[in-house]
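J.: task: produce atomic coordinates for the following.
(one chain, ligands or ions: 1)
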Amino acid sequence: MHYVSTRATSASAARNPQRFSDILLAGLAPDGGLYLPETYPQVSGAELDAWRKLSYAELAYEILRKFATDIPDADLRALTAKTYTPEVYRNARAGEAAADITPLRVLEDGAAGKLVLQALSNGPTLAFKDMAMQLLGNLFEYALAKNNDELNIFGATSGDTGSAAEYAMRGKRGVRVFMLSPHKKMSAFQTAQMFSLQDPNIFNIAVEGVFDDCQDMVKAVSGDLSFKARHKIGTVNSINWARVVAQVVYYFRGYLGATTDNSQKVSFTVPSGNFGNICAGHIARMMGLPIDKLVAATNENDVLDEFFRTGRYRVRKAAETFHTSSPSMDISKASNFERFVYELVGRDAERTHALFRKVDTDGGFDLSGGPGSDGDEWKLVGQYGFASGKSTHADRLATIRDVFDDYGITIDTHTADGIKVAREHLAPGVPMIVLETALAAKFNETILEALGEDAERPAGFEGIEALPQRFVVMRPDVEAMKAYIAQHTGL
Ligand SMILES: *Cc1c(COP(=O)(O)O)cnc(C)c1O
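T.: So this is what the prediction gives:
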């Protein structure tokens with residue numbers, strides 16, 4: 001299995017097909033594109049049948065080995081077995097089995113259709129990013145040990161990604177994490193989750209500024225290529241291919257759990273921001289998983305909904321990007337979207353490159369086929385199963401209340417966006433699986449607003465705000481940041 005960039009011309013594609021291990025620690029391809037497999041491995045009906053009996057870890061092994069063909073099977077099996085355990089994914093709700101890793105819960109089964117919730121948030125940081133990030137931590141440790149190398153992950157977070165990365169990398173040999181966050185701007189819960197880590201390879205840096213100041217520091221430090229190389233700086237952002245492929249597994253798991261034989265189809269609704277999660281669903285569908293619809297649910301930041309409704313992709317300026325109560329979906333552009341556009345334009349890398357150059361120069365492109373548009377491929381979107389919808393703060397509050405009243409469970413704000421939109425796409429005979437992307441405890445302010453009471457906290461999280469915190473406060477000063485990294489990498 002080889003990987004190519006979505007922007008590689010035929011000459012460079014022939015020169016540079018990469019193996020899984022080559023792109024594991026990489027972000028963007030050198031030409032600015034994203035990596036994708038040359039072709040999608042196909043899954044037969046016989047394989048699907050055999051997979052119905054597997055544990056999550058075994059299923060993850062079977063799927064990953066189709067993509068990571070350069071990692072020996074025995075090693076991959078050990079890595080997935082170590083990652084997907086009930087001890088790691090232990091925060092299942094009452095009535096759910098932690099051993100299922102991503103348990104399903106039927107919410108309703110009426111004339112309009114069947115609505116099912118798939119819990120992806122039972123990992124250490126209570127959000128679905130743990131599903132991929134926990135595997136990434138083990139894969140990184142494995143790859144670095146093999147090459148006797150080390151890696152310093154340097155990133156900025158406003159919440160979920162940073163904590164998922166720290167919990168995945170804590171205590172891992174060869175890896176350090178330097179994570180910037182805006183000082184006193186994260187919720188008390190999120191701050192406590194990150195800053196209470198005492199592992200010596202985790203460095204929490206609270207920057208006196210806003211998230212954009214943190215992001216700018218990451219760009220400035222990473223832009224110094226000699227510093228970056230000398231200090232072995234890397235990232236774990238959402239375009240990382242290994243993260244995407246680890247997420248493919250739970251689409252298979254959800255399908256197998258909601259069906260009894262392979263003639264049945266299911267649909268998924270996915271709370272979406274950077275298009276990473278739903279891109280994994282698209283890949284599962286391309287592998288032959290019988291998925292009917294893939295519904296992207298956005299919040300007020302509706303870049304993706306606009307594209308799927310109109311064919312126009314229009315990134316937002318900072319002033320048009322809203323701070324919402326489902327903050328992990330507050331994006332101005334969808335960084336994984338290029339992977340789907342590449343497919344949509346028939347895997348034409350030159351076209352893809354031209355369209356995304358237009359994003360940089362003109363703020364977007366138009367595939368609607370209308371006058372002056374850049375193409376008419378939007379008409380093919382339905383063939384890939386895609387549909388979409390949008391949800392607002394008022395919708396979130398109403399949905400959290402409805403779900404609490406009707407089914408007795410408290411959902412988080414992102415999942416509420418998913419359920420609101422899923423209800424608009426129900427179809428009789430095709431179960432609709434909504435991916436639960438976080439637990440409510442992480443976004444308690446909005447739960448309090450919706451229900452007038454606190455969200456339940458999983459065991460072990462009581463009083464985390466009172467634990468001792470380990471972090472440094474720094475001014476947004478690039479040279480001081482570099483000196484801090486240099487001092488702690490010892491390189
Ligand atoms: C990151 C995140 C999302 C968005 O996922 P994408 O892969 O960026 O589309 C949705 N919900 C929660 C809780 C998240 O943390």
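
J.: how about residues contacting stretch 53-71?
T.: Outside stretch 53-71, the residues that touch it by Cβ atoms under 8 Å, 6 or more residues apart in numbering are 1, 19-21, 37, 41, 47, 51, 73, 76-77, 79-81, 83-85, 99-102, 135, 142, 245-246, 248-249, 252-253, 256, 287. (Glycine included, C-beta is placed from N, CA and C.)

J.: hey, C-alpha coordinates of it in CSV?
T.: C-alpha atoms of stretch 53-71 as CSV (Å, rounded to 0.1, in the frame of the first residue of the first chain):
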residue,chain,number,x,y,z
LYS,A,53,-17.5,-11.7,15.8
LEU,A,54,-14.3,-9.7,16.5
SER,A,55,-13.5,-7.5,19.4
TYR,A,56,-12.8,-3.8,18.7
ALA,A,57,-9.0,-4.3,19.0
GLU,A,58,-9.1,-7.3,16.6
LEU,A,59,-11.3,-5.4,14.1
ALA,A,60,-8.9,-2.4,14.3
TYR,A,61,-6.0,-4.8,13.5
GLU,A,62,-7.8,-6.2,10.5
ILE,A,63,-8.6,-2.8,9.0
LEU,A,64,-5.2,-1.2,9.8
ARG,A,65,-3.2,-4.0,8.3
LYS,A,66,-4.8,-3.1,4.9
PHE,A,67,-3.3,0.3,5.2
ALA,A,68,-0.1,-0.1,7.3
THR,A,69,1.3,-2.9,5.1
ASP,A,70,4.9,-2.0,6.1
ILE,A,71,4.4,-2.8,9.8
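
J.: am I right that Ala297 is in a strand?
T.: Yes: the assignment for Ala297 is a strand, going by DSSP: H, G, I helix; E, B strand; the rest coil.

J.: endpoints of stretch 428-445, how far apart?
T.: From its first residue to its last, stretch 428-445 covers 36 Å (Cα to Cα, to the nearest Å).

J.: pull the distance from that stretch to the chain's centre.
T.: Centroid separation for stretch 428-445 versus its chain: 15 Å, with Cα atoms, centre = their mean, to the nearest Å.

J.: that older thread, in helices, which of the contacts of stretch 53-71 appear?
T.: 20-21, 47, 51, 73, 76-77, 79-81, 83, 135, 142, 245-246, 248-249, 252-253, 256 (DSSP state H).

J.: quick one: buried ones out of those residues?
T.: Buried by 16 or more other Cβ atoms under 10 Å: 20-21, 51, 76-77, 79-80, 83, 135, 142, 245-246, 248-249, 252-253, 256, out of the ones in helices among the contacts of stretch 53-71.

J.: what residues of the helix or strand hosting Phe404 count as buried?
T.: Using DSSP states H and E, Phe404 falls within helix 393-407. Residues 393, 395-397, 399-400, 402-404 are the ones in helix 393-407 that count as buried (16+ other Cβ under 10 Å).

J.: check those residues against Glu436 and report the nearest one.
T.: The closest of those to Glu436 turns out to be Val403 (Cβ to Cβ; 10.7 Å).

J.: mind listing the helices for the stretch 351-491 of the chain?
T.: Here the stretch 351-491 of the chain has its helices, by DSSP state H, counting those that start in this stretch, at 393-407, 413-423, 444-451, 478-489.

J.: out of those helices, nearest to Asp216?
T.: That would be helix 478-489 among the helices of the stretch 351-491 of the chain, by Cβ to Cβ, at 8.5 Å.

J.: which strands or helices does that closest one pack on?
T.: Packing partners of helix 478-489 (3 or more Cβ pairs under 8 Å, 6 or more residues apart in numbering; DSSP states H and E): strand 151-156, strand 175-182, strand 202-207, helix 211-223, strand 472-474.

J.: by mean pLDDT, show me the worst of these.
T.: Of all the helices and strands packed on helix 478-489, mean pLDDT reaches its minimum on helix 211-223 (a mean of 86).

J.: can you give me how far that helix is from the chain middle?
T.: Counting by Cα atoms, centre = their mean, helix 211-223 comes out at 21 Å from the chain centroid.

J.: in that helix, which residues are buried?
T.: 211, 213-218, 221-222.

J.: buried set for stretch 354-364?
T.: 355-356, 359, 364.

J.: closest one of the residues you listed to Glu462?
T.: Val359 (45.3 Å).

J.: quick revisit: when you check the buried residues of stretch 354-364 against the strands, which ones overlap?
T.: Gly364 (DSSP state E).

J.: from the buried residues of stretch 354-364, which two are the most distant?
T.: Going by Cβ to Cβ, the pair spanning the buried residues of stretch 354-364 furthest: Phe356 and Gly364, at 10.0 Å.

J.: residues of the stretch 251-400 of the chain that sit close to the ligand?
T.: By Cβ under 6 Å from any ligand atom, the residues of the stretch 251-400 of the chain that approach the ligand are 271-277, 328-329.

J.: any of the residues you listed buried? List them.
T.: For these, buried by 16+ other Cβ under 10 Å: 271-277, 328-329.

J.: pull the most distant pair out of these.
T.: Longest span within those, Cβ to Cβ: Phe275 and Ser328, 13.0 Å.

J.: next, give phi and psi for the residue of the stretch 1-150 of the chain found nearest the ligand.
T.: Going by Cβ to the nearest ligand atom, the ligand is nearest to Ala127 of the stretch 1-150 of the chain, at 4.4 Å. Backbone torsions for Ala127, taken as degrees, to the nearest 10, come to phi -140, psi 160.

J.: list the contacts for it?
T.: So Ala127 contacts 121, 160, 163-164, 328, 437-439, 442 (Cβ under 8 Å, 6+ apart).

J.: read off the pLDDT value for Ala14.
T.: Per the predicted model, pLDDT is 49 at Ala14.

J.: grab the nearest non-local neighbour of Ser181.
T.: Thr157 (5.4 Å; Cβ to Cβ, 6 or more residues apart in numbering).

J.: report how many residues lie close to that neighbour.
T.: Thr157 has 22 neighbours, counted by other Cβ atoms under 10 Å.

J.: how about the one 4 residues further on?
T.: A total of 21 residues lie near Thr161 under the criterion other Cβ under 10 Å.

J.: what of Glu38?
T.: So Glu38, with other Cβ under 10 Å, has 12 neighbours.

J.: run through the residues that contact it.
T.: Contacts of Glu38 by Cβ under 8 Å, 6+ apart are 1-4, 17.

J.: check which helix or strand covers the closest residue to Val249 other than its chain neighbours.
T.: The shortest distance from Val249 to any non-neighbouring residue, by Cβ to Cβ, 6+ apart, is to Ala60 (4.6 Å). In this structure, Ala60 is located in helix 56-67 according to DSSP H and E.

J.: quick check: angle from that helix to helix 73-83?
T.: Per axes from the mean of the first three to the mean of the last three Cα atoms, to 10 degrees, the angle that helix 56-67 makes with helix 73-83 is 140 degrees.

J.: for stretch 163-177, buried residues please.
T.: For stretch 163-177, using 16+ other Cβ under 10 Å, the buried residues are 163-170, 172, 174-177.

J.: can you name the residue of the stretch 51-200 of the chain nearest the ligand?
T.: Residue nearest to the ligand within the stretch 51-200 of the chain: Asp160 (3.6 Å; Cβ to the nearest ligand atom).

J.: my read is that that residue contacts Ser328, right?
T.: Yes: here Asp160 reaches Ser328: they are 4.9 Å apart, a contact under Cβ atoms under 8 Å.
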